[in-house]
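A.B. asks: Got a sequence here, can you build the structure:
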Amino acid sequence: MIPVFRSLSEWMVFRSQLVVGHSLGFVPTMGGLHEGHSSLVRRSLAENELTAVSIFLNRTQFNNASDYETYPANFEQDLALLEDLGVDVVFAPDFEAMYPDTYLFKVSESQDSLSMEGVQRPGHFDGVLTVVLKLLNLSGAQRAYFGEKDYQQLRLVKGMVEAFFLPIEIVACETARADDGLALSSRNRRLSEAGRKKAAVFPRILTTASTPEEATGELREAGFEVEYVVDEGGRRFGAVNLEGVRLIDNWTLSVLKKLKGSLR
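C.D. replies: Here you go, the predicted structure:
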């Protein structure tokens with residue numbers, strides 16, 4: 001049975017017993033695990049002697065209460081998946097353990113966080129950066145694994161680690177996708193069967209449109225509510241809503257020409 005630590009004191013005892021020189025990989029999650037999370041775990045297992053996964057549904061990063069309340073997490077299913085993968089230990093604290101200050105102290109970034117996701121989800125990145133800083137400090141890991149689907153978040157986490165001199169390597173992992181190109185996400189489970197089929201149009205348009213403006217128009221014609229499509233920093237970013245489910249994605253501009261037409 002995989003060890004599960006819920007209190008900070010138990011976790012710190014575990015940390016104190018780690019063998020010096022053995023690397024610990026860390027995969028922070030909010031639960032609702034899927035193949036995308038599994039790919040992060042497998043990367044960590046391949047690169048470290050031990051792998052720890054955290055499961056903590058962090059409500060401070062949700063600017064929409066209903067999004068938090070409907071987040072599709074199932075702890076027992078998640079635990080079974082992690083055990084099958086061979087994870088060594090799970091850290092699953094509650095809100096009181098993670099926020100003894102009741103969120104009086106927080107981490108804010110004043111540039112990158114003000115665009116795209118930061119505009120659409122006010123306060124989101126404050127919650128993300130605050131909880132990630134706490135988790136990285138608690139983990140004691142040498143490496144932490146993040147997916148490129150949330151690329152803006154990944155950039156901010158890397159920047160925070162550098163700014164605060166945290167002794168940990170942030171490992172970026174390629175976005176895991178379904179066969180039809182849709183980026184894997186816990187929220188995809190909330191789509192109807194027809195909605196899930198339609199969602200595959202999102203990456204197709206994002207990768208084949210010549211400009212963000214063209215992509216925006218095509219997505220609206222296809223029935224998506226478009227929050228943004230932006231070319232920035234060598235990538236194309238997009239966020240849409242479908243059936244009340246928020247979908248985000250990004251691709252490097254250098255591969256868009258190669259992909260153009262292949263998802264048609």
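
A.B. asks: Using PDB, write out every CA atom in the helix or strand hosting D249.
C.D. replies: In this structure, D249 sits in strand 245-252 according to DSSP states H and E. Extracted C-alpha coordinates of strand 245-252, given in PDB (Å, rounded to 0.1, in the frame of the first residue of the first chain):
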ATOM      1  CA  VAL A 245     -16.000  23.800 -19.700                       C
ATOM      2  CA  ARG A 246     -12.900  25.900 -20.100                       C
ATOM      3  CA  LEU A 247     -10.200  24.600 -22.500                       C
ATOM      4  CA  ILE A 248      -6.700  26.000 -23.000                       C
ATOM      5  CA  ASP A 249      -3.800  25.000 -25.300                       C
ATOM      6  CA  ASN A 250      -0.600  26.300 -26.800                       C
ATOM      7  CA  TRP A 251       1.800  25.300 -29.600                       C
ATOM      8  CA  THR A 252       5.200  26.500 -30.600                       C
END
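
A.B. asks: which parts of it are buried?
C.D. replies: V245, R246, L247, I248, D249, N250, W251 (16 or more other C-beta atoms under 10 Å). The way it works is simple: take the backbone N, C-alpha and C, and place the C-beta from them, glycine included.

A.B. asks: can you check stretch 22-31 too?
C.D. replies: L24, G25, F26, V27, P28, T29, M30, G31.

A.B. asks: Relative to R143, which of those is nearest.
C.D. replies: G25 (4.9 Å; C-beta to C-beta).

A.B. asks: chain center to the helix or strand that contains the closest one, what's the gap?
C.D. replies: Assigned by DSSP H and E, G25 belongs to strand 24-29. Remark: strand 24-29 is offset 12 Å from the chain centroid, using C-alpha atoms, centre = their mean, to the nearest Å.

A.B. asks: Packing partners of the helix or strand just after it?
C.D. replies: Later in the chain than strand 24-29, the nearest helix or strand by DSSP H and E is helix 35-47. Here helix 35-47 touches strand 24-29, strand 50-55, helix 75-85, strand 143-147, strand 169-173, going by 3 or more C-beta pairs under 8 Å, 6 or more residues apart in numbering; DSSP states H and E.

A.B. asks: what's the neighbour count on L129?
C.D. replies: L129 has 21 neighbours, counted by other C-beta atoms under 10 Å.

A.B. asks: Contacts only, for the residue nearest to it when sequence neighbours are not counted.
C.D. replies: Leaving out its chain neighbours, the residue that sits closest to L129 by C-beta to C-beta, 6 or more residues apart in numbering is V107, at 4.0 Å. V107 is in contact with D126, L129, T130, L133, M160, counting by C-beta atoms under 8 Å, 6 or more residues apart in numbering.

A.B. asks: What helix or strand is S254 located in?
C.D. replies: Per DSSP H and E: S254 is located in helix 253-259.

A.B. asks: Average pLDDT for that helix, rounded please.
C.D. replies: Helix 253-259 shows a mean pLDDT of 77.

A.B. asks: which SS state does the residue nearest to F5 when sequence neighbours are not counted fall under?
C.D. replies: Excluding the flanking residues, the one nearest F5 by C-beta to C-beta, 6+ apart is W11, at 4.4 Å. Using DSSP: H, G, I helix; E, B strand; the rest coil, the structure places W11 in helix.

A.B. asks: Kindly report the same for the one 4 residues further on.
C.D. replies: Following three-state DSSP, we place R15 in the helix state.

A.B. asks: wait, what's in contact with P167?
C.D. replies: Q142.

A.B. asks: confidence score at it?
C.D. replies: 98.

A.B. asks: Name the SS class of it, please.
C.D. replies: Following three-state DSSP, P167 is assigned to coil.

A.B. asks: what's it sitting at in phi/psi?
C.D. replies: Backbone torsions of P167, given as degrees, to the nearest 10, read phi -80, psi 60.

A.B. asks: what sits up against stretch 88-100?
C.D. replies: Residues contacting stretch 88-100 (C-beta under 8 Å, 6+ apart): 2-8, 11, 14, 50-56, 58-60, 75, 79, 82, 131, 134-135, 138-139.
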